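1. need a structure here:
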Amino acid sequence: MKILQGFLIFMGVLAVLAIIALAVGYIFALLTPDTRSNMRPVVLSSEAVDSMNKKLSDIKKETVAAVGSKTAKPVQLVLTEEEINSTIVMALAEGTIPAKEMLVNFNDGYIMTYASWSFPGLPVKTGVIGTLDVEKGKPKFVIRDFYLGKLPVPDNVDMGVQEWINILFQLNAPMEELNFDLKEVTISEGQLKLAGTTKTSK
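-> Numbers count the residues shown, from 1 in each chain. Sure thing, here's the model as predicted:
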């Protein structure tokens with residue numbers, strides 16, 4: 001499920017920057033980012049995981065049918081906070097990445113994330129505020145702010161994180177699994193909507 005991998009990679013790439021904590025202030029990096037207190041709690045459930053899996057399955061059927069008929073048609077995928085966070089928690093329970101907690105909020109026009117990492121001797125916490133643009137039919141993440149604990153992080157670090165996230169997005173190609181050209185991303189309170197056109201050939 002590469003779209004889930006995309007979210008996990010988006011969160012996981014932040015862990016690479018944990019080493020910064022050793023150079024610029026270990027204690028501050030262990031503190032919780034201020035953004036955490038501004039994030040909404042999200043109700044988690046197995047039903048939300050099933051709902052996300054069904055949505056992904058249904059859209060794959062649509063795109064496969066479009067390839068077979070060679071007819072492009074509009075398609076959209078709407079994912080909720082409950083679906084994303086429930087699926088992430090399930091992945092964390094399976095030990096996919098070394099984190100104790102992850103939370104994603106969809107707000108009006110932007111995404112907020114928080115992660116508490118469980119590296120031995122380096123339990124840092126990260127927060128990100130950003131949005132998604134569209135570039136050549138694929139999502140492109142744009143960072144507004146990156147937080148490593150309570151450390152002030154320079155703008156050039158923000159840009160570095162953004163570049164790494166987008167490189168990993170491209171390598172894992174979550175949109176390729178869904179097989180449609182992304183035209184528009186809408187982030188609203190509690191949900192993320194991806195809209196595009198089905199491809200007519202693989």
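
2. going forward, measure contacts between C-alpha atoms and count neighbours the same way
-> Will do.

3. that's a helix at residue 115, yeah?
-> No: under DSSP: H, G, I helix; E, B strand; the rest coil, residue 115 sits outside any helix and is assigned strand.

4. Not counting sequence-adjacent ones, nearest residue to it?
-> Of all residues not flanking residue 115 in the chain, residue 102 sits nearest, at 4.4 Å (C-alpha to C-alpha, 6 or more residues apart in numbering).

5. buried ones in stretch 55-64?
-> In terms of neighbour count (16 or more other C-alpha atoms under 10 Å), stretch 55-64 has its buried residues at 56, 59, 60, 62, 63, 64.

6. Kindly report the same for stretch 127-146.
-> Neighbour counts over stretch 127-146 (16+ other C-alpha under 10 Å) mark 127-133, 138-146 as buried.

7. ditto for stretch 105-120
-> Those would be 105, 106, 107, 110, 111, 112, 113, 114, 115, 116, 117, 118, for stretch 105-120 by 16+ other C-alpha under 10 Å.

8. Could you measure from residue 72 over to residue 138?
-> 17 Å (C-alpha to C-alpha, to the nearest Å).

9. With residue 38 instead?
-> Distance, residue 38 to residue 138, by C-alpha to C-alpha: 29 Å.

10. for the buried residues of stretch 127-146, which one is nearest residue 196?
-> Closest approach to residue 196 among these (C-alpha to C-alpha): residue 138, at 9.8 Å.

11. Just say helix, strand or coil for the closest residue to the closest one other than its chain neighbours.
-> In space, and not counting its chain neighbours, residue 138 is closest to residue 182: 5.5 Å by C-alpha to C-alpha, 6+ apart. For residue 182, the secondary structure call by three-state DSSP comes out as strand.

12. Could you tell me which strands sit next to the helix or strand where residue 103 lies in the sheet, and their orientation?
-> Under the criterion of DSSP states H and E, residue 103 resides in strand 99-106. When pairing is defined by DSSP bridges, strand 99-106 lines up against strand 111-117 (antiparallel).

13. And for the partner strand, what's in contact with it?
-> 11, 15, 35-36, 39, 98-106, 123-131, 187 (C-alpha atoms under 8 Å, 6 or more residues apart in numbering).
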